[in-house]
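In: Could you work out the structure for the sequence below:
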Amino acid sequence: MQKQMKQLNTLYKFELDKEQKAAQALQSAELDYQQNQERLKSVSDYRLEYMRRLNQRSLEGIDSATYSHFHAFIAKLDNAAQQVKVAAHQAKALVETRKKQWFEQRKKIQAVELLRDKKLAALKLVADKQEQKMFDEIATQQFVRRTR
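Out: You can find the predicted model right below:
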C-alpha cells in the first residue's frame, strides 16, 4: 500500500504541474484578449477623433482631394478595427478553450485527491488495527503473567 501511496503522490504532483501550466495558458489567453480589446478601443477612439477633424475641416471648407484623403484614411481605420475584432473574437474563443482545459485539469486533481484520501484512510485503518492487535497482545501477555 505504501507503494500505491507513493505512486498516487507522484501522480498528484504531475497533475498539479499540468494544472499550473493550464492556469498559465489561461492567464496568457486572457491577457491577449484584454490587449485586443484595448487595441479595438484605441482604433475606435482614433477613428472618432479623425471623424471630428474631418467634420471641423468640412465646416471651414475642404477641397475634394483632402476630403478623399480623410475618407481613405477612415476606411483604413475601419479595416484595422475589423481585423482587431476578428483577433479579439479568436482570443475570446481561446480563453474559453483554455478555461475548459483548466477546469478539466482541476477535476483530475480533485479525483486524485479523493483517491489519495481514501488510500490514506485505508492505511490509517490498517495501522490502527495493527496497533490494537499489539495492545491486545500486550494485555494478553500481562494477563497470562499475572495468572501464573
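
In: who touches Glu19 in this structure?
Out: Counting by C-beta atoms under 8 Å, 6 or more residues apart in numbering, Glu19 makes contact with 102, 105-106, 108-109. Yep, even glycine has a C-beta here, placed from its N, CA and C like the rest.

In: Next one: it from Leu26, what distance?
Out: Glu19 sits 10 Å away from Leu26, taking C-beta to C-beta, to the nearest Å as the criterion.

In: who touches both of those two?
Out: By C-beta under 8 Å, 6+ apart, the residues touching both Glu19 and Leu26 are Trp102.

In: The longest helix seen in the chain - contacts with which helices or strands?
Out: When the chain is parsed with DSSP state H, its longest helix is helix 64-147. If you count contacts as 3 or more C-beta pairs under 8 Å, 6 or more residues apart in numbering; DSSP states H and E, helix 64-147 packs onto helix 2-60.

In: angle of the helix it packs on against helix 64-147?
Out: In terms of direction (axes from the mean of the first three to the mean of the last three C-alpha atoms, to 10 degrees), helix 2-60 departs from helix 64-147 by 160 degrees.

In: For helix 2-60, what is the distance to the chain centroid?
Out: Taking C-alpha atoms, centre = their mean, to the nearest Å, one finds the center of helix 2-60 at 11 Å from the center of the full chain.

In: switch to numbering from 733
Out: New numbering, starting at 733: the last item is helix 734-792.

In: Now it: average pLDDT?
Out: Across helix 734-792, pLDDT averages out at 92.

In: what about Trp834, how many residues close to it?
Out: Burial of Trp834 is recorded as 20 neighbouring residues (other C-beta atoms under 10 Å).

In: shouldn't it be in contact with Ala754?
Out: Yes: using C-beta atoms under 8 Å, Trp834 is in contact with Ala754, at 4.2 Å.

In: what's the overlap in contacts for these two?
Out: In contact with both Trp834 and Ala754: no residue, using C-beta under 8 Å, 6+ apart.

In: coming back round to it: average pLDDT for the longest helix of the chain?
Out: Here helix 796-879 scores 93 as its mean pLDDT.

In: quick one, phi/psi of Asp795?
Out: According to degrees, to the nearest 10, the main-chain angles of Asp795 amount to phi -80, psi 160.
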